[in-house]
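[1] Following is a predicted model, sequence given first.
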Amino acid sequence: MITLKSKIDTINKVGKAIASRLNRINIKTIEDALWHLPFRYDDFSDLAKIEDLEIDQTTTIRGTIELLNSRRARHRKLSITEGLITDETGSLKAVWFNQPYITQTFKVGDQIFLSGKVSGDLLGRQMTNPSYEKVKINTLHTARLVPIYSSTDKITQKQLRFIIQSCLPALANLSDWLPDEVKEEYKLIDLNEALEQIHFPENKQSLAKAEERLQFDELFLLQLQQQLVKQSLTKNEANSIKFKKTKIQQFVKQLPFTLTNDQKRAAWEIIQNMEETSPMNRLLNGDVGSGKTIVALLAAYSVMLNKKQTALMAPTTILAQQHLQTIHKLLPVTDFRYCLLTNKGAIVYYQGNAEEIKKKDLIKQIKKGDIDLIVGTHALIQKDVEFKNLSLIIIDEQHRFGVEQRSELKNKSGNNETMPHFLSMTATPIPRTLALVLYGDLDISLIKAMPAGRIPIITKLVEAKNRAKAYDFINNQIAAGRQIFVICPLIDPSDKLGVKSVTEEYEKLDKEIFPHLKIDLLHGKLKPDEKNTVMTRFQNNETKILVATSVVEVGVDIPNATVMMIEGADRFGLAQLHQFRGRVGRDKHQSYCFLFTDNNSDHTTERLKELTTTTDGFKLAEADLKYRGSGDIYGTMQSGYNNQLILKSLANTILLKKTQDAVKNIIKADPELKHYPKLSKKIAKISNIHLE
């Protein structure tokens, strides 16, 4: 008998080879397979008569095999199987390539379903490589809503459907953790029924009910977890960071620029929040280039004035280094010590001077409390790193860190009796209503206004015929001393997606278009040292063009870069394109963003033109919801959740309201979930919250 925890190779016809391939898409157990959800469906549920078929129609027919044979093509590497299928209204030719076994699967006289696209002419119609099944009551691949899954090259959709269908009996052991009164109140089906119907829906109505239940679950859990975190924080104590008004005012006066009203408001919200004895838990949400770093630095400076420590954690070494450079430029020369700690090394700044020291020596100084502000990467949560009196944690691009990592940093504060204040930052503009769902445990400070003097970036959707003109423009920009970004969606060539790869584009630009210029390549598969070398060359203006993947989306600051050229722009969401665009326009020079796409559909053109009409990231985030759902706004969600479900459901305001109300009622009635043991167990499983 199979159970949810049974290994996937306990399923009939799943041997070691297939199990290994399934592991590549994170299917190791029966439960993994059941939660490997379809990302779309082919609607083959309506049967058509052969005489009614139209060219380019995708549909299902039911007919009888009249003729069936297989032969080799002339070049011998290709086998062709042909069949003649008839119903009471006419006949249809079916052709399959390299599937000779069909002649063993079927015989003349068999009743079959065929699902596929109709081609042909006035002389006759045919289906090429259609899906097929013998006529039976419950079909998997034809005559129904057919699930389509993400897969690998060596696992077919038919195999996946067969495997997942074979796992369905284990649903009898599935624990439904959602309280009965919630299911009754919102008319939700049971969890096991929802999972069965999401894979193999009986009809569109049952699919809609399954989606509603599963999306409700994800939003409900996300919001419940956040409310429990918020509730638990009120039970902790934090060091009260007193507002040193005169010193802060002096710091602000000596800045080489004037703070915007949004920056002042956000800084004041944070400083006031840190005066409390309960830990601050705040999100600083600001558009690209809106000046979040100075707001975070003001918070850190306030903590330093209170003789306590601050840790600023960034997702990449490049971003950590840039934060340190900004801090060094803006922080007045004082007796405060601040440092950079990464896996590769350590630098300490004191009274305006930098000194490279051994990592082990810096770690000792941090533990003694000799370092006031520590900037770093994941190196900050290494086992041997401890603080003396860590009172503020700042995490940049916080969605790139898991709950566990943030918790580890909090646990290193050096004081078991208090918890550090917590400030997270993101440059991804998020509509406020959705921010309340995604970050319901955080108070939110917004920076929407841009610093004075920024020249708006000119954004153009470039037609293919104007590509040469774009290259000429780039040449002129480089001749004027500027630098260029070129962004591509993929690292390696992919005929399947039909989009430009970064390696192909690099070769073309380097050898054909700009052979006279120094061009570099940057992508996620490079080693950290290689990435740093590439970025250093670009920062020093040794490289004129940087061809890259989305690795430059966050934190790459090259004031001299004035052109952002994006290939395959239709493959990115508006929010992500806006992030790319934010890599230029960071100095006094006029900057440009050129969007290229081979997809000329009206929908794509309309969507990309949104970027040419506004530089407001919050408006573009709203537009992303309209055009693509919320996936590109929110990037990496917390582990433990089904991103696919959440990203679909975030645009459903009615469902959002239902889950908010349900969570509110549960927390009000039973804040510690004592009467909901299954729910308590479930929330503990997906987070680090334990209520017992």
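    The structure has been received and is ready for your questions.

[2] can you count the residues close to Lys525?
    11 (other C-beta atoms under 10 Å). Using the backbone N, CA and C atoms, a C-beta is placed for each residue, glycine as well.

[3] gap between it and Glu507?
    Distance, Lys525 to Glu507, by C-beta to C-beta, to the nearest Å: 16 Å.

[4] and if you look at Phe618?
    38 Å.

[5] who has more neighbours, the two?
    Between Phe618 and Glu507, counted using other C-beta under 10 Å, the more crowded position is Phe618 (18 against 14).

[6] quick one: contacts for that one?
    287, 429-431, 448 (C-beta atoms under 8 Å, 6 or more residues apart in numbering).

[7] and which of the residues you listed is nearest Lys28?
    Closest approach to Lys28 among those (C-beta to C-beta): Ile430, at 33.6 Å.

[8] is it fair to say the closest one lies in a strand?
    No - if the criterion is DSSP: H, G, I helix; E, B strand; the rest coil, then Ile430 is coil and not within a strand.

[9] hang on, isn't it packed against Gly286?
    No - taking C-beta atoms under 8 Å as the definition, Ile430 is not a contact partner of Gly286, at 10.5 Å.

[10] And the helices in the stretch 451-600 of the chain?
    For the stretch 451-600 of the chain, the helices defined by DSSP state H, counting those that start in this stretch occupy 467-479, 502-508, 528-539, 574-581.

[11] Contacts for stretch 136-152, please.
    Contacting residues not belonging to stretch 136-152 are listed as 21, 24-25, 36-45, 47, 60, 62, 113-115, 131-133, 157-158, 160-162, 164-165, 199-201, 203-204, 207 [C-beta under 8 Å, 6+ apart].

[12] Weed out the non-buried ones from those.
    The neighbour count (16 or more other C-beta atoms under 10 Å) marks 21, 25, 36-38, 41-42, 44-45, 60, 62, 113-115, 131-133, 157, 160-162, 164-165, 199-201, 207 as buried among these.

[13] Which strands or helices does the host helix or strand of Gln205 pack on?
    Secondary-structure assignment from DSSP states H and E places Gln205 in helix 204-233. Judged by 3 or more C-beta pairs under 8 Å, 6 or more residues apart in numbering; DSSP states H and E, the packing partners of helix 204-233 are helix 191-199, strand 281-286, helix 432-438, helix 643-649, helix 653-669, helix 677-686.

[14] could the ones you listed be laid out in TSV, adding distance to Lys13 and mean pLDDT?
    Conversion of those to TSV gives the following (distance: least, C-beta to C-beta, whole Å; pLDDT from 0 to 100):
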stretch	distance to Lys13	mean pLDDT
helix 191-199	18	95
strand 281-286	49	86
helix 432-438	41	66
helix 643-649	27	63
helix 653-669	38	88
helix 677-686	31	88
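
[15] Out of these, the one nearest Asp180 is which?
    Nearest to Asp180 among these is helix 677-686 (10.4 Å), distances taken as C-beta to C-beta.

[16] Which elements pack onto the closest one?
    Judged by 3+ C-beta pairs under 8 Å, 6+ apart, the packing partners of helix 677-686 are helix 204-233.

[17] what residues go with each domain of the protein?
    Domain ranges of the chain: 1-43+144-171, 46-140, 175-235+638-692, 245-447, 458-614, per automatic domain parsing.

[18] roughly how far is the last one from the heart of the chain?
    Computed by C-alpha atoms, centre = their mean, to the nearest Å, the separation of domain 458-614 from the middle of its chain amounts to 20 Å.

[19] ends of it, how far apart?
    10 Å (C-alpha to C-alpha, to the nearest Å).

[20] Equivalent analysis for the first one, please.
    By C-alpha to C-alpha, the extent of domain 1-43+144-171 from end to end equals 12 Å.

[21] Which parts of stretch 415-424 count as buried, going by neighbours?
    The neighbour-count check on stretch 415-424 (16+ other C-beta under 10 Å) flags 415, 418-424 as buried.

[22] Please disregard the earlier target; I meant stretch 93-100.
    By 16+ other C-beta under 10 Å, the buried positions in stretch 93-100 come out as 93-94, 96.

[23] swap in stretch 107-120?
    For stretch 107-120, by 16+ other C-beta under 10 Å, it's 112-116, 118.

[24] Mind checking which of these are in helices?
    Within these, no residue falls in helices by DSSP state H.

[25] Mind putting those residues into a markdown table with pLDDT and distance to Asp217?
    Formatted as a markdown table, the buried residues of stretch 107-120 follow (pLDDT from 0 to 100; distance: C-beta to C-beta, whole Å):
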| residue | pLDDT | distance to Asp217 |
| --- | --- | --- |
| Ile112 | 92 | 38 |
| Phe113 | 90 | 34 |
| Leu114 | 91 | 37 |
| Ser115 | 90 | 31 |
| Gly116 | 89 | 35 |
| Val118 | 92 | 39 |
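
[26] who are the neighbours in contact with Ile176?
    One correction, residue 176 is Asp, not Ile. Residues near Asp176 by C-beta under 8 Å, 6+ apart: 190-192, 678.

[27] One more: Lys93?
    Taking C-beta under 8 Å, 6+ apart as the test, what Lys93 contacts is 82-85, 120, 124-127.

[28] Could you do Leu47 as well?
    So Leu47 contacts 59-62, 143 (C-beta under 8 Å, 6+ apart).

[29] List phi and psi for it.
    Phi and psi for Leu47, reported as degrees, to the nearest 10, are phi -80, psi 140.

[30] Can you name the residues bridging to it?
    Beta bridges link Leu47 to Thr60 when assigned by DSSP bridges.

[31] circling back: which of the contacts of Lys93 are buried? Put it as a ChimeraX command.
    Restricted to buried positions by 16+ other C-beta under 10 Å, the ChimeraX selection for the contacts of Lys93 reads:
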select :82,83,84,85,125,126,127
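
[32] TSV for the contacts of Lys93, including secondary structure, pLDDT and distance to Gln104?
    Listed next are the contacts of Lys93 as TSV, based on DSSP: H, G, I helix; E, B strand; the rest coil; pLDDT from 0 to 100; distance: C-beta to C-beta, whole Å:
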residue	secondary structure	pLDDT	distance to Gln104
Glu82	strand	92	15
Gly83	strand	93	13
Leu84	strand	94	18
Ile85	strand	93	18
Gly120	strand	84	27
Gly124	strand	82	26
Arg125	strand	88	26
Gln126	strand	91	22
Met127	strand	92	20
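
[33] would you turn the contacts of Lys93 into CSV with distance to Lys668?
    Converted to CSV, the contacts of Lys93 look like this (distance: C-beta to C-beta, whole Å):
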residue, distance to Lys668
Glu82, 67
Gly83, 64
Leu84, 67
Ile85, 62
Gly120, 64
Gly124, 68
Arg125, 63
Gln126, 63
Met127, 58
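
[34] picking up where we left off before, which among the contacts of Phe618 gets closest to Val385?
    Ile430 (30.9 Å).

[35] ok, so what distance separates the closest one from Gly289?
    With the distance defined as C-beta to C-beta, Ile430 ends up 17 Å from Gly289.

[36] Of the two, give the one with the bigger neighbour count.
    Ile430 (25 against 20).

[37] roughly how far apart are that one and Gly568?
    The value you get for Ile430 to Gly568, if C-beta to C-beta is used, is 25 Å.

[38] Same question for Asn560.
    Distance, Asn560 to Gly568, using C-beta to C-beta: 25 Å.

[39] higher neighbour count, those two?
    Gly568 (21 against 15).

[40] wouldn't the more buried one be in contact with Thr597 here?
    Yes - in this structure Gly568 lies within contact range of Thr597 using C-beta under 8 Å: 6.5 Å.

[41] check contacts around Asn192.
    Neighbouring residues of Asn192 by C-beta under 8 Å, 6+ apart: 171-172, 174, 176.
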